[in-house]
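**Student:** following is a predicted model, sequence given first.
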Amino acid sequence: MKNCKFLFFILTTLLLTTSTKLKAQEKFGPTPNAQQLAWHEKEFYLFMHFGPNTFTDLEWGKGSEDPNVFNPTAMDCNQWARIAKAAGAKGIIITAKHHDGFCLWPSKFSTHTVRESKWMDGKGDVIKMLSDACKKAGIEMGVYISPWDRNHPKYGTPAYNDIYIQTMKELLTGYGQFFELWWDGANGEGPNGKKQVYDFKRFQDSALSYQPKLIIFSDIGPHIRWIGNEEGIINETNWNLLDTVGFSRGSGGPSTDSLNRGNFNGKAWIPGEADVSIRKGWFYHEEEDKTVKTDKQLFDLYLKNVGRGGNFLLNVPPNRKGLISAADSAALINFKKLRDAAFKTNVFKGATVKNNKNEIEICLATAATFNTIQLQEQIKFGQRVISFEVQAGDSEGSLKKIASSTTIGRKKIIQFPTVTAKCIKVKITAAKASPVMGAIAGYLIKM
């Protein structure tokens, strides 16, 4: 692989003065479909765990809670959407139904819903309110629908699979287009003491029949994967590829290492989404107000998920009033300010670029100081780069290695001790096929 002839294609949006002619490219290996490509571009969006657990201080509700415990006193989904938009988040995924079975919409297939609560005299619908708010703010919306239901009397029987499909249909046909459907693998006992045998094949086929452009998340996709932890960190080596044959969702899924790294020769394009909560827990608990992650902690996570080719799903749970708390909001807005400042000035802009087989040479008119380089592959042609190194110096003859890493994918952000240089070389040291590169940028990030 190291001896193959490399062809590099640098997008002209950031760098650019090169005479290399772009040649027609063939796809190599698994590649993303149109919806997956659009998903990759979202990069960052919010998760919102909200329901009876918000008011009982539980993380996993028992399903026997009185619906009246759900009673947000100042519910404002427009506030959620405004803050998400201001934070640069591209959307919100809401826990429409968690394991306790409580539905945030008045489902016809359950008696454990907002309709049975005293909130808004039983006439409220969180999903509609959030859908309207997201549309107004110009962001997208997704839904988490737990297959596990600790309340429904039919759970643990074949009839429940039909009921679950009907609840999905209500959501996926009644509130507009969603960008993502989120499944986890939890499978415990219902009120009759039995576990459910989920028919995920029917679930998947049904969901896609209602919304063909939907992206579905689980530990085996089919479109995007869990990254094997809830810490928001993807491995430095991250393939957008995964083998799913022989695996099932939940306890039968791939190893956490495989989920975190992907598979080198995986047969399907299933990129990783990194989920983590801004707080210690997933639902709001007042005693956790002091555990809110700082803007710097969030930026560090961004480098370790988006900067390693994945997407960042950050849980920000509304409080008992039905609002994003001030501490969470401040951290989000300051996180956006950090990102804007960090990536404001591309010091490679206007450079001359030379492509020499397996090397990209960046020549600056005057020396620049930087400690971060951002690389991209044009993933519509597949993921090809196995490893690379970065060199820098005052001239082509004085280049020294300053950094190295593995895989690039949709985006790779690599950091190193601050250097000042006129010449920079990105050398692909191993690849599956001729790399098709996107834009390269350099930054001086101060924290």
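**Tutor:** That came through fine. Numbering: from 1, shown residues only.
**Student:** show residues contacting the strand or helix carrying Phe55.
**Tutor:** Per DSSP states H and E: Phe55 is located in helix 53-56. Contacts of helix 53-56 with the rest of the structure, by C-beta atoms under 8 Å, 6 or more residues apart in numbering, involve 59-61, 65, 69-72, 98, 100, 283-284, 317-320. Every C-beta, even on glycine, is put in place using the N, C-alpha and C of the backbone.
**Student:** measure the closest residue to Asn371 other than its chain neighbours to Ala341 for me?
**Tutor:** Counting by C-beta to C-beta, 6 or more residues apart in numbering, Thr418 is the residue found nearest to Asn371 once chain neighbours are left out, at 4.3 Å. Distance, Thr418 to Ala341, using C-beta to C-beta, to the nearest Å: 16 Å.
**Student:** ok, now Glu26?
**Tutor:** 40 Å.
**Student:** more crowded one of the two?
**Tutor:** Ala341 (14 against 9; other C-beta atoms under 10 Å).
**Student:** for that one, give its distance to Val276.
**Tutor:** For Ala341, the distance to Val276 - C-beta to C-beta - is 22 Å.
**Student:** surely Ser258 meets Trp239?
**Tutor:** No - using C-beta atoms under 8 Å, Ser258 makes no contact with Trp239, being 9.7 Å away.
**Student:** ok, these two, which is more surrounded?
**Tutor:** Each of Ser258 and Trp239 has its neighbours counted (other C-beta under 10 Å); Trp239 has more, 25 against 18.
**Student:** phi and psi next, for the closest residue to that one other than its chain neighbours.
**Tutor:** Spatial nearest neighbour of Trp239, chain neighbours left out: Gly262 (3.2 Å); criterion: C-beta to C-beta, 6+ apart. In terms of degrees, to the nearest 10, the main-chain angles of Gly262 are phi 70, psi -180.
**Student:** ok, now which ones touch Gly262?
**Tutor:** Arg225, Asn238, Trp239, Asn240, Leu241, Leu242, Ile270, Pro271, Gly272.
**Student:** nearest to Pro153 among those?
**Tutor:** Arg225 (33.1 Å; C-beta to C-beta).
**Student:** can you tell me the helix or strand for the closest one?
**Tutor:** Per DSSP H and E: strand 224-226 holds Arg225.
**Student:** quick one: strands adjacent to that strand?
**Tutor:** strand 215-218 (parallel), strand 272-277 (parallel) (DSSP bridges).
**Student:** list the helices and strands the helix or strand following that strand packs on?
**Tutor:** Toward the C-terminus, strand 224-226 is succeeded by strand 241-242 as the next helix or strand (DSSP H and E). Judged by 3 or more C-beta pairs under 8 Å, 6 or more residues apart in numbering; DSSP states H and E, strand 241-242 is in contact with strand 268-269.
**Student:** please verify my assumption that Ala365 contacts Phe348.
**Tutor:** No - judged on C-beta under 8 Å, Ala365 makes no contact with Phe348 at a distance of 11.2 Å.
**Student:** now for Ile227: which residues touch it?
**Tutor:** Contacts of Ile227 (C-beta under 8 Å, 6+ apart): Ile233, Ile234, Leu259, Asn260, Gly272, Glu273, Ala274, Asp275, Asn305, Gly310.
**Student:** what is the neighbour count of the nearest residue to the last one once chain neighbours are set aside?
**Tutor:** In this case it means Gly310. The shortest distance from Gly310 to any non-neighbouring residue, by C-beta to C-beta, 6+ apart, is to Gly272 (4.2 Å). Neighbourhood size, Gly272 [other C-beta under 10 Å]: 25.
**Student:** so for Gly272, what's the pLDDT?
**Tutor:** For Gly272, the pLDDT comes out at 98.
**Student:** what of Thr256?
**Tutor:** For Thr256, pLDDT reads 96.
**Student:** quick check: closest non-adjacent residue to it.
**Tutor:** Using C-beta to C-beta, 6+ apart, the closest residue to Thr256 is Gly228 (3.5 Å).
**Student:** what about the one you found, how many residues close to it?
**Tutor:** Based on other C-beta under 10 Å, the number of other residues close to Gly228 is 21.
**Student:** tell me the domain ranges of the chain?
**Tutor:** Following automatic domain parsing, one gets these domains for the chain: 34-342, 352-443.
**Student:** ok now the longest one, how far from the chain's centre?
**Tutor:** Just to be clear, that refers to domain 34-342. 11 Å (C-alpha atoms, centre = their mean, to the nearest Å).
**Student:** end-to-end on it?
**Tutor:** 30 Å (C-alpha to C-alpha, to the nearest Å).
**Student:** now stretch 37-54
**Tutor:** For stretch 37-54, the end-to-end distance is 35 Å (C-alpha to C-alpha).
**Student:** so in the chain, where's the weakest helix or strand by average pLDDT?
**Tutor:** strand 352-356 (a mean of 86; mean pLDDT, DSSP states H and E).
**Student:** in it, what counts as buried?
**Tutor:** For strand 352-356, burial by neighbour count (16 or more other C-beta atoms under 10 Å) applies to Val353, Lys354, Asn355.
**Student:** I'd say the first one and Cys423 touch.
**Tutor:** Right, the one you point to is Val353. No - contact criterion C-beta under 8 Å: Val353 and Cys423 do not qualify, at 11.6 Å.
**Student:** can you pull the residues that touch both of the two?
**Tutor:** Glu361, Ile362, Cys363.
**Student:** the second one reaches Ala439, doesn't it?
**Tutor:** No - with contacts counted by C-beta under 8 Å, Ile362 stays clear of Ala439, the gap being 11.5 Å.
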